[in-house]
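1. Below are the sequence and a predicted model for it; my questions follow.
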Amino acid sequence: MEWSQTYSLGIQEIDDQHKGLLGCFTRIEDAIACGESWSDVHFKIVELREYAERHFAFEEALMRLYGDDGIMRHAAEHARFFGSLDEIEHKSIRNDAESEMTHFLRKWLTDHILCIDKEFTERILSGVPVIRSTAA
């Protein structure tokens, strides 16, 4: 799976993190295609989980900073990702999740970036003001 300019959202840090996610996905796909052991694939899934946790935390923090009203829906999408990843991770131990995993990762990345992430970055780039602290 390769980065396409159509995935670019116009916020460099998010685009760079999405490229990192794509890199994690690609390493999983390559490991499967090369017939690496189930443990190698499993540890690449763990790497993806850790990277996704940091990326999703960044996105959600940015949404809170800008007071984006879509944060609950966005966070729910992130939670669904982890639920699906949990299932795939458990199956990877039994070595029977290869096609399901690659299909899920490709579909999730493109759907999430092009729909969910694009919505909130467009709101931010449109000049939505930052929510300022009321603390003195």
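-> Structure received.
2. For the rest of this, base every contact and every neighbour count on C-alpha atoms.
-> Fine.
3. Find the helix or strand that the residue nearest in space to the middle of the chain is a member of.
-> Nearest to the mean C-alpha position of the chain, by CA atoms, centre = their mean, lies Ala52 at 5.2 Å. Per DSSP states H and E: Ala52 is located in helix 38-65.
4. How about Ala76?
-> Counting by DSSP H and E, Ala76 is part of helix 71-94.
5. what does His18 give?
-> Here His18 is assigned to helix 12-33, by DSSP H and E.
6. and the next element down the chain from the helix or strand bottoming out on mean pLDDT in the chain?
-> Between all helices and strands in the chain, the lowest mean by mean pLDDT, DSSP states H and E belongs to helix 98-111, at a mean of 80. For helix 98-111, the following helix or strand on the C-terminal side (DSSP H and E) is helix 118-125.
7. got the contact list for that next one?
-> Contact partners of helix 118-125, identified using CA atoms under 8 Å, 6 or more residues apart in numbering, comprise Leu9, Gly10, Ile11, Met63, Tyr66, Asp68, Gly70.
8. Please tell me how far Trp108 sits from Arg80.
-> 10 Å (CA to CA, to the nearest Å).
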